[in-house]
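Undergrad: Here's my sequence, what's the structure:
(one chain, ligands or ions: 2)
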Amino acid sequence: MARSTDDVVGRTLGRIGPRLIVRGGFLAYFVFISVRLLQFRAWALGTGDFVPRPEAVAGLLPIGSYMSFFLWLKTGFFDPVLPAGIVIILGALATSFIFKRGFCGWICPVGTVWEVSAWLGRKVLGRDNFRPPRWLDLGLRGVRYVIAAGFMIWLAAVSVQEAMWFQQLPYYATVDAKMLLLFGAPLYLAVIALAFVGMMLFGNVWCRYLCPLGGVYGACGVASACTVVRDPEACIDCGKCAKVCHAAVPVDTLKSVRAPECDGCQDCVRVCPAEGALTSRVFGRFRFRWWIWPLGVVVLWLAIFGIALATGHWHTQLSIEAFAQFMRIPGL
Ligand code: SF4
Ligand code: SF4
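TA: Ligands and ions are numbered 1, 2, ... in the order given. Below you'll find the predicted structure:
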């Protein structure tokens, strides 16, 4: 009975496209809160009706949030202005240590947009995205870890006084809205359009070579509790798993996927035709159905969000009036 339920859930999700459901859901939520933030800003400037300010927009400012995160680690002081930023970081790190780069693979709205561009490129071109030769790919991937390490060292080195001073700036409380408006400016739209076309041709270059956060989560994901495991005895060497892997992991030659590029998308497990050859496992031992992976990512996020909400670590302590006042400062 349990097995048939597994099969029904797996087949239904597989048909609709699990990534479309989960990633699409998070992207839709991101668009929703972005619109709400702009509506809140319009209210603050006296040009619209009141709309509550969404807390999750703190994720728009990862540099500021990481600065607050390190401040919290050093002093125990939890950012009262944009606390949701630290909660989102904790969610992404927890996901990485349990479900590899699950944040990148199932949640990040930026990655979703670039994945769509790469997918569209494959459809339009009728072929795989162009990939650089292996030596260049390895070198470029290294760049991301250098950028990630540089960012983390720099942010961790910010002194307690400087980080606390930064948190008190009106700029810190309003930069999320400013960034959204910036992305809508003609120059930025042109850059985004150019990047979109580039990724249609060359695949998701941003997530693979450039995103510093992806580098951090990929490095954490090496120690992930859950992995994709290949059984060489059951494998029929068809190579389908490696071919379908958007992260270019040579799954068909590995015993266990430890690669930091793996975001746990589960495409390789789903495509494998040989029963038991490729499975998702906890600690390399306990096998589970592929759809438990995205379900686990979502449940983990909701659990972290719920704990933050219940313990008073999600909502800002700054008053709505203070946010509105900051937004009315000329130049902010
Ligand atoms: S296809 Fe497999 S190896 Fe590649 S990213 Fe997805 S889960 Fe990881
Ligand atoms: S798809 Fe399955 S059977 Fe084919 S190479 Fe990969 S693990 Fe082996």
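Undergrad: Around ligand 1, pick out the residues from the protein.
TA: For the chain, the residues in contact with ligand 1 (C-beta under 6 Å from any ligand atom) are 228, 244-245, 247, 249, 251, 257, 262-268. C-beta here means a position set from N, CA and C on the backbone, and glycine is covered the same way.
Undergrad: can you give me the helices for the stretch 101-250 of the chain?
TA: Taking DSSP state H, counting those that start in this stretch as the criterion, the stretch 101-250 of the chain carries its helices at 102, 109-125, 134-157, 160-167, 170-183, 186-202, 205, 212-221, 240-244.
Undergrad: circling back: and the residues of the chain next to ligand 1, which are buried?
TA: Neighbour counting by 16 or more other C-beta atoms under 10 Å classes 228, 245, 247, 249, 251, 257, 262-268 among the residues of the chain next to ligand 1 as buried.
Undergrad: Those in strands, which ones?
TA: Per DSSP state E, strands hold the following members of these: Val228.
Undergrad: mean confidence for the lengthiest helix in the chain?
TA: Determined from DSSP state H, the single longest helix within the chain is helix 18-44. For helix 18-44, the mean pLDDT works out to 93.
Undergrad: what does stretch 296-310 give?
TA: Summarised as a single mean, pLDDT over stretch 296-310 is 96.
Undergrad: Do I have it right that Pro54 meets Ile33?
TA: Yes. Assessed by C-beta atoms under 8 Å, Pro54 is found in contact with Ile33 at 4.0 Å.
Undergrad: so where is the stretch 1-150 of the chain shaky, pLDDT-wise?
TA: Counting by pLDDT under 70, the stretch 1-150 of the chain contains low-confidence residues at 1-16.
Undergrad: related to what we said a few turns ago, make TSV out of the residues of the chain next to ligand 1 and add distance to Pro132 and pLDDT.
TA: Formatted as TSV, these follow (distance: C-beta to C-beta, whole Å; pLDDT from 0 to 100):
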residue	distance to Pro132	pLDDT
Val228	24	97
Val244	19	92
Cys245	16	93
Ala247	14	89
Val249	16	94
Val251	20	97
Val257	21	96
Cys262	19	95
Asp263	19	95
Gly264	24	95
Cys265	21	94
Gln266	26	95
Asp267	21	94
Cys268	21	97
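Undergrad: ok, of those residues, which one's closest to Leu180?
TA: Using C-beta to C-beta, Asp263 comes nearest to Leu180 of those, at 25.7 Å.
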